[in-house]
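K.L.:
Sequence first, predicted model second:
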Amino acid sequence: MKLSIVSTLYNSEKFIPKLIEELTKVVEEIGIDKRDYEIILVDDGSPDNSLKVALEEKKKYKDVNIIILELSRNFGHHKAFWAGISKSIGEYVFLIDSDMDVHPSYLKSFYSEILNQEDVDVVYGVLKDRKLIKTTSNLFWKFFNYVSDVPVPLNITTERIMNRNYVNALLSLNDFNLFIGGLYYWVGFHQKSIEVRRISNRKKSNYVLTKRIHLFIEALTSFTSYPIWLILRLSLYLNVASIIYLFYLIIRKILYPETILLGYASIGALLVFFGSLIIFIICFIGIYIEKIFNQVKQRPRYIVRKEYKNLI
């Protein structure tokens with residue numbers, strides 16, 4: 001099979017008909033036969049009627065190989081994409097968000113770029129219109145690159161096309177704690193960017209604040225031990241500072257005993273400060289321990305409740 005197209009579904013019912021229509025149209029324009037490509041839609045426990053709409057569209061496109069994976073619950077955007085990539089069998093695999101913030105017509109450019117350059121294994125999208133780049137997202141990737149050993153390009157999008165050699169290398173990774181945005185670049189290979197324009201089709205993002213915070217912690221703890229070393233340095237600095245301050249108090253007590261008074265308020269404030277710091281440090285170390293715990297359990301990253309593969 002020449003091409004696999006993978007997309008995930010979460011609150012996507014209103015986008016699915018247009019998504020499939022546009023994808024089939026652009027693949028036809030590229031010149032790939034209907035028997036030589038597949039569309040894989042992963043229902044990531046969507047609370048709306050995404051699965052029902054996807055099945056209805058599958059009935060309409062009987063001559064197109066549409067595969068629908070229904071996950072047993074919501075496992076998250078990254079794991080849902082991993083499920084779709086794992087299922088793909090195409091020589092090239094194209095990823096796209098179902099809300100079509102980046103229009104499916106860009107597939108033509110992605111496919112042409114990777115097909116005409118033998119030394120390129122991956123072609124990924126970067127945003128052209130910087131006005132649409134969220135400041136928080138930009139700061140996130142800048143900070144991630146600062147603390148991580150794996151540099152990730154700024155302003156990247158979900159949309160990318162990958163050859164089979166790269167996909168096999170990606171799938172060989174056994175990380176339970178998936179931060180796929182970093183894994184894309186950890187495996188290396190020759191990767192090239194092309195500029196794309198984004199339009200916002202969703203009134204409200206699926207990534208609420210709590211999910212963004214979780215993603216940030218996931219990214220930080222999956223790709224770097226920098227926070228642990230930062231905590232170690234901070235504790236050393238505080239220890240040195242406390243020792244110096246202790247000697248200062250001893251010397252001052254000897255030279256000017258009347259100036260050293262019992263300060264219950266200051267002692268209480270210091271206890272609260274250092275107590276909070278200790279709790280923070282223990283919690284952060286606990287996150288790393290949790291990741292080790294999750295990894296050694298060897299649970300699957302996702303569970304497929306049902307696969308709709310045969311033409312309906």
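P.N.:
Noted; the coordinates are in hand. Numbers count the residues shown, from 1 in each chain.
K.L.:
Residue 159 contacts residue 104, doesn't it?
P.N.:
No: contact between residue 159 and residue 104 fails when scored by CB atoms under 8 Å: they sit 9.1 Å apart. C-beta: built from backbone N, CA, C; applies to glycine.
K.L.:
next helix or strand past the host helix or strand of residue 56?
P.N.:
According to DSSP states H and E, residue 56 maps onto helix 50-60. Remark: after helix 50-60, the chain's next helix or strand is strand 65-71, criterion DSSP H and E.
K.L.:
just the angle between that following strand and helix 50-60, please?
P.N.:
160 degrees (axes from the mean of the first three to the mean of the last three CA atoms, to 10 degrees).
K.L.:
Extract the C-alpha trace of the next helix or strand after strand 65-71 and format it as CSV.
P.N.:
Downstream of strand 65-71, the next assigned helix or strand under DSSP H and E is helix 77-87. Presented in CSV, the C-alpha positions along helix 77-87 are these (Å, rounded to 0.1, in the frame of the first residue of the first chain):
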residue,chain,number,x,y,z
HIS,A,77,-4.2,12.7,21.7
HIS,A,78,-0.7,11.3,21.6
LYS,A,79,-1.6,7.7,22.4
ALA,A,80,-4.5,7.8,19.9
PHE,A,81,-2.2,8.9,17.1
TRP,A,82,0.2,6.1,18.2
ALA,A,83,-2.6,3.6,17.8
GLY,A,84,-3.3,4.8,14.3
ILE,A,85,0.4,4.8,13.3
SER,A,86,0.7,1.3,14.7
LYS,A,87,-2.2,0.1,12.5
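K.L.:
Could you pull out the buried residues of helix 77-87?
P.N.:
77, 78, 79, 80, 81, 82, 83, 84, 85, 86, 87 (16 or more other CB atoms under 10 Å).
K.L.:
ditto for stretch 168-188
P.N.:
Those buried within stretch 168-188 under the rule 16+ other CB under 10 Å are 170, 175-176, 178-187.
K.L.:
do stretch 17-37 as well
P.N.:
19, 20, 22, 23, 24, 26, 27, 32, 37.
K.L.:
For the second one, list the residues it contacts.
P.N.:
Contacts for residue 20 were tallied using CB atoms under 8 Å, 6 or more residues apart in numbering; they are 39, 57, 61, 64, 66.
K.L.:
which of those lies closest to residue 128?
P.N.:
residue 39 (26.1 Å; CB to CB).
K.L.:
Are we agreed that that closest one is in a strand?
P.N.:
Yes: the assignment for residue 39 is a strand, going by DSSP: H, G, I helix; E, B strand; the rest coil.
K.L.:
rewinding a little: overlap in contacts of residue 159 and residue 104?
P.N.:
Joint contacts of residue 159 and residue 104 (CB under 8 Å, 6+ apart) are residue 96.
K.L.:
before we move on, back to that, mind giving me JSON lines with the contacts of residue 20 and columns for distance to residue 93, neighbour count and pLDDT?
P.N.:
JSON lines is the format used below for these (distance: CB to CB, whole Å; neighbours: other CB atoms under 10 Å; pLDDT from 0 to 100):
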{"residue": "39", "distance to residue 93": "12", "neighbour count": "26", "pLDDT": "95"}
{"residue": "57", "distance to residue 93": "21", "neighbour count": "20", "pLDDT": "91"}
{"residue": "61", "distance to residue 93": "20", "neighbour count": "17", "pLDDT": "90"}
{"residue": "64", "distance to residue 93": "17", "neighbour count": "18", "pLDDT": "90"}
{"residue": "66", "distance to residue 93": "16", "neighbour count": "24", "pLDDT": "93"}
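K.L.:
Need the worst-confidence member of the buried residues of stretch 168-188.
P.N.:
Of all those, residue 176 carries the smallest pLDDT score, 69.
K.L.:
about what we covered before: tell me the one of the buried residues of stretch 17-37 nearest residue 199?
P.N.:
Checking the buried residues of stretch 17-37 one by one against residue 199 (CB to CB), the nearest turns out to be residue 22, at 12.9 Å.
K.L.:
ok, so what distance separates the closest residue to that closest one other than its chain neighbours from residue 54?
P.N.:
The shortest distance from residue 22 to any non-neighbouring residue, by CB to CB, 6 or more residues apart in numbering, is to residue 104 (4.0 Å). If you measure residue 104 against residue 54 using CB to CB, to the nearest Å, the figure is 16 Å.
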